[in-house]
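Enquirer: After the sequence you'll find the predicted model.
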Amino acid sequence: MKTFELVAPCHFGLEAVLKREIYDLGYEITLVEDGRVTFEGDAEAICRSNIFLRTAERVLLLVGRFKATTFDELFEGIKALPWESYIPVDGKFWVKKASSIKSKLFSSSDIQSIVKKAIVERLKTKYHVEWFEENGASYPIRVFLLKDEVMVTLDTSGESLHKRGYRTMTSKAPLTETLAAALIMLTPWRKDRIFVDPFCGSGTFPIEAALMAANIAPGMNRNFTAENWTNLIDKKLWYETVEEANDQITTDITVDIQGYDIDGDVVKAARENAKRAGVEHMIHFQQRPVCELHHPKKYGFIITNPPYGERLEDKAALPELYSQIGEAYRGLDAWSMYLITSYDAAEQYIGRKADKNRKIYNGMLKTYFYQFMGPKPPKRKNKCDIRENM
Ligand SMILES: C[S@@+](CC[C@H](N)C(=O)[O-])C[C@H]1O[C@@H](n2cnc3c(N)ncnc32)[C@H](O)[C@@H]1O
């Protein structure tokens, strides 16, 4: 099967998590840059990466990279690429997005129209036609310029991969599903440990945790643009990948995953979202303010995204709220707590300095992922150990 270079964009600061996921899927990583990971894979890799990756924003097929400082160079560079290997004669193609950073060429609309014109010129000579009907499958193109280096890609995903399809109801300031999944993966939480999100909003953290625990692939219930690229990807590869994902699901497991929120309507929405994700039976949602957070067991995890004062009038309530978080946390025995917030006095009011923190951009918002580590539970002795010690 033909090998492609695939580019997976992700949240800035979370490249290592995505790199690990791609590696675990079995593909060779060729480049890690700020906000994206490039890897090699065949047609099946396009299906598998779209369906299985939890932290990638989309999967792009790299058509070419070259340098351009003038529109002529851009036109010639695009025209020199083998577009006929990707876009069939009836393909519908357009530049969905052009972005430019620290480059001489910066007008997105000019870049978009020149790239389209150059592809048309190339395909005219290859297909010996003067006019393209464009009534076949869609081939959206994304172009990135960074320091005059042009990267041209075809978007295999379509809608961003954070749209898993389960979240139709959101709270005021929801986290994206991809960011929530990446943050959980940054912690040592595993499915046999307690998971509590006391500010669950639309339920993103608990739902992503349950999907991981049950091994449900995030892209099982949605469509991808490249499903219609029958010139490059045999339809049966998509069916086989969904079958592979189905075979891996284990929903009959016992987990302790809980989501609380002070707002009853939000809790209702979270429950609906969990139902759509197929994990409703794995999560206990309840309306409860953080000051009433407690749990009788040891060694649990809080992973959460508390309010950070999105509106000015909410800011005044933050010292009291973060003090309540600190108090609730101190009442839990041997727990770990991970919280993402842009509130810069979080540690001060929680009353403890985080063991670690990590800067993460949530869109344009600079946030920190504070990590308060609890002790590890003692290792359970298995039968062999017991016999050895007798
Ligand atoms: C930033 S949002 C969480 C968004 C969530 N991560 C999501 O993806 O939808 C913060 C949530 O905290 C809730 N909240 C505010 N004050 C609270 C309190 N004292 N106790 C519990 N929840 C509270 C709000 O209702 C809101 O849903």
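Expert: Perfect, thanks for sending it. Numbering: from 1, shown residues only.
Enquirer: The residue of the stretch 151-300 of the chain found nearest the ligand: neighbour count?
Expert: As assessed by C-beta to the nearest ligand atom, the ligand sits closest to Gly201 within the stretch 151-300 of the chain, at 2.6 Å. The C-beta positions use only the backbone N, C-alpha and C, and glycine is treated the same way. Look at Gly201: counted by other C-beta atoms under 10 Å, it has 26 neighbours.
Enquirer: surely it meets Ala173?
Expert: Yes - judged on C-beta atoms under 8 Å, Gly201 makes contact with Ala173 at a distance of 7.4 Å.
Enquirer: Need the overlap of contacts for these two.
Expert: Asn305 (C-beta atoms under 8 Å, 6 or more residues apart in numbering).
Enquirer: picking that back up, now for the residue of the stretch 151-300 of the chain closest to the ligand: which residues touch it?
Expert: Gly201 touches 170-175, 261, 266, 270, 305, counting by C-beta under 8 Å, 6+ apart.
Enquirer: If you rank these by neighbours, which is first?
Expert: Ala270 (31 neighbours).
Enquirer: so what's the closest residue to it other than its chain neighbours up against?
Expert: Closest residue in space to Ala270, ignoring its immediate chain neighbours: Gly203 at 3.1 Å, by C-beta to C-beta, 6 or more residues apart in numbering. Counting by C-beta under 8 Å, 6+ apart, Gly203 makes contact with 167, 259, 269-271, 273-274, 283, 285.
Enquirer: Any idea how many residues pack against the residue nearest to Ala213 when sequence neighbours are not counted?
Expert: Spatially, and ignoring its direct neighbours in sequence, Ala213 is nearest to Lys191 (3.7 Å; C-beta to C-beta, 6+ apart). Counted by other C-beta under 10 Å, the residues lying close to Lys191 total 18.
Enquirer: for the one 4 residues further on, same thing?
Expert: Taking other C-beta under 10 Å as the criterion, the count of residues near Phe195 is 25.
Enquirer: do you know how far it is from Tyr343?
Expert: Computed with C-beta to C-beta, to the nearest Å, the distance linking Phe195 and Tyr343 is 23 Å.
Enquirer: So the chain: which segments form each domain?
Expert: Domains of the chain are assigned by automatic domain parsing as 4-155, 177-216+230-372.
Enquirer: Redo the ones you listed as JSON lines? Include mean pLDDT.
Expert: What follows is the domains of the chain, written out as JSON lines (pLDDT from 0 to 100):
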{"stretch": "domain 4-155", "mean pLDDT": "97"}
{"stretch": "domain 177-216+230-372", "mean pLDDT": "95"}
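Enquirer: could you dump those domains to a markdown table with distance to Lys379?
Expert: Conversion of the domains of the chain to a markdown table gives the following (distance: least, C-beta to C-beta, whole Å):
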| stretch | distance to Lys379 |
| --- | --- |
| domain 4-155 | 24 |
| domain 177-216+230-372 | 12 |
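Enquirer: For Lys163, find the nearest of these.
Expert: domain 177-216+230-372 (7.7 Å; C-beta to C-beta).
Enquirer: Ends of that closest one, what's the gap?
Expert: Chord length of domain 177-216+230-372, first to last residue, is 23 Å (C-alpha to C-alpha, to the nearest Å).
Enquirer: Run the chain-centre distance for that domain.
Expert: Centroid separation for domain 177-216+230-372 versus its chain: 14 Å, with C-alpha atoms, centre = their mean, to the nearest Å.
Enquirer: Can you verify my assumption that Arg167 contacts Thr178?
Expert: No - if you go by C-beta under 8 Å, Arg167 and Thr178 don't touch, sitting 11.7 Å apart.
Enquirer: Could you list the contact residues of the stretch 151-300 of the chain toward the ligand?
Expert: The stretch 151-300 of the chain has residues 170-175, 198-199, 201-202, 204-205, 261-263, 266, 289-290 near the ligand, with proximity defined as C-beta under 6 Å from any ligand atom.
Enquirer: redo that, cut-off 8 Å
Expert: Within the stretch 151-300 of the chain, the residues that sit near the ligand (C-beta under 8 Å from any ligand atom) are 170-175, 180, 197-205, 260-263, 266, 270, 288-291.
Enquirer: about what we covered before: let me see the contact set for the residue nearest to Ala213.
Expert: Applying C-beta under 8 Å, 6+ apart to Lys191 gives the contacts 209, 212-213, 253, 255.
Enquirer: Now, those that are in helices?
Expert: Members of the contacts of Lys191 lying in helices (criterion: DSSP state H): 209, 212-213.
Enquirer: on that earlier part again, more neighbours: which of Arg167 and Thr178?
Expert: Neighbours were tallied for Arg167 and for Thr178 using other C-beta under 10 Å; the higher tally belongs to Thr178 (28 against 22).
Enquirer: Kindly confirm my reading that the more buried one is in a helix.
Expert: Yes - counting by DSSP: H, G, I helix; E, B strand; the rest coil, Thr178 is located in a helix.
Enquirer: Helix or strand: which one has the closest residue to Cys200 other than its chain neighbours?
Expert: Sequence neighbours aside, Gly259 is the residue nearest to Cys200 in space, at 3.3 Å (criterion: C-beta to C-beta, 6+ apart). According to DSSP states H and E, Gly259 maps onto strand 257-261.
Enquirer: what sits up against stretch 346-362?
Expert: Counting by C-beta under 8 Å, 6+ apart, 11-14, 175-176, 179, 183, 186, 318-319, 321-323, 325-326, 329-330, 339-340, 342, 366-373 sit against stretch 346-362.
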